[in-house]
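Trainee: turn this into a structure:
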Amino acid sequence: PSNYAMVVISEGASMLGGQVVEYGQEDAYGHKKLGGIGQITGEALQKLTGIDIVHQQIAYLMRAGAPDSLDRMVAISYANLAVDQLLQGHSGRMVALQNGQYTTVPVDTCTQGLKRVDVDELYDIEEYRPKVRHVLSKPMFLY
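Mentor: Numbering: from 1, shown residues only. So this is what the prediction gives:
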């Protein structure tokens with residue numbers, strides 16, 4: 001109703017011909033923190049359109065805050081599975097959940113084919129919240 005648009009940009013994105021925006025001191029591996037492309041893009045959109053923009057770096061707000069026990073369990077399981085794969089000499093694969101089970105898939109899986117989310121089934125778009133209904137026979141929040 002307010003005629004607004006939302007743009008979501010990965011911290012690692014860059015403008016065409018530009019460089020990834022980094023800030024802060026380098027870590028032990030020579031990497032800096034990513035971030036700032038959202039503000040740069042917002043300023044560019046404002047300049048192109050003449051319309052005011054509001055820039056909000058969502059960061060952990062979008063990630064839903066501090067991890068709960070399920071988040072930690074999945075992260076630890078992913079890490080252990082990834083290390084096991086490396087120790088077995090496997091490369092070019094990434095850890096994944098399929099049908100509620102841990103597995104590995106080729107790393108290019110994420111760029112192949114069309115991915116769809118059943119928004120009507122899984123999200124309440126009015127409240128911007130997940131729907132936790134009809135869970136019989138579904139994995140615990142991992143589908």
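Trainee: for residue 12, what are its contacts?
Mentor: 20, 34 (Cβ atoms under 8 Å, 6 or more residues apart in numbering). For the C-beta atoms, the positions are set from N, CA and C on the backbone; glycine is no exception.
Trainee: alpha carbons only: can I get the helix or strand containing residue 39 in CSV?
Mentor: Following DSSP states H and E, one finds residue 39 within helix 37-49. Output in CSV follows, covering the C-alpha atoms of helix 37-49 (Å, rounded to 0.1, in the frame of the first residue of the first chain):
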residue,chain,number,x,y,z
ILE,A,37,27.5,-2.6,-0.8
GLY,A,38,23.9,-2.0,0.4
GLN,A,39,24.6,1.6,1.2
ILE,A,40,26.4,2.2,-2.1
THR,A,41,23.6,0.6,-4.0
GLY,A,42,21.0,2.7,-2.1
GLU,A,43,22.8,5.9,-2.9
ALA,A,44,23.1,4.9,-6.6
LEU,A,45,19.4,4.1,-6.7
GLN,A,46,18.6,7.5,-5.1
LYS,A,47,20.8,9.3,-7.6
LEU,A,48,19.2,7.4,-10.5
THR,A,49,15.5,7.8,-9.4
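Trainee: averaged pLDDT, that helix. What do you get?
Mentor: For helix 37-49, mean pLDDT rounds to 90.
Trainee: centre of the chain to that helix, how far?
Mentor: Here the centre of helix 37-49 is set off from its chain's centre by 22 Å, with Cα atoms, centre = their mean, to the nearest Å.
Trainee: check which helices and strands the helix or strand following that helix sits against.
Mentor: Next helix or strand after helix 37-49 toward the C-terminus (DSSP H and E): helix 69-87. Contacts defined by 3 or more Cβ pairs under 8 Å, 6 or more residues apart in numbering; DSSP states H and E place helix 69-87 against strand 93-98, strand 101-106.
Trainee: those strands into TSV, with extra columns for distance to residue 73?
Mentor: Output for the helices and strands packed on helix 69-87, formatted as TSV (distance: least, Cβ to Cβ, whole Å):
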stretch	distance to residue 73
strand 93-98	12
strand 101-106	11
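Trainee: looking at those strands, which is nearest to residue 36?
Mentor: The closest of the helices and strands packed on helix 69-87 to residue 36 is strand 93-98. By Cβ to Cβ, the value is 27.2 Å.
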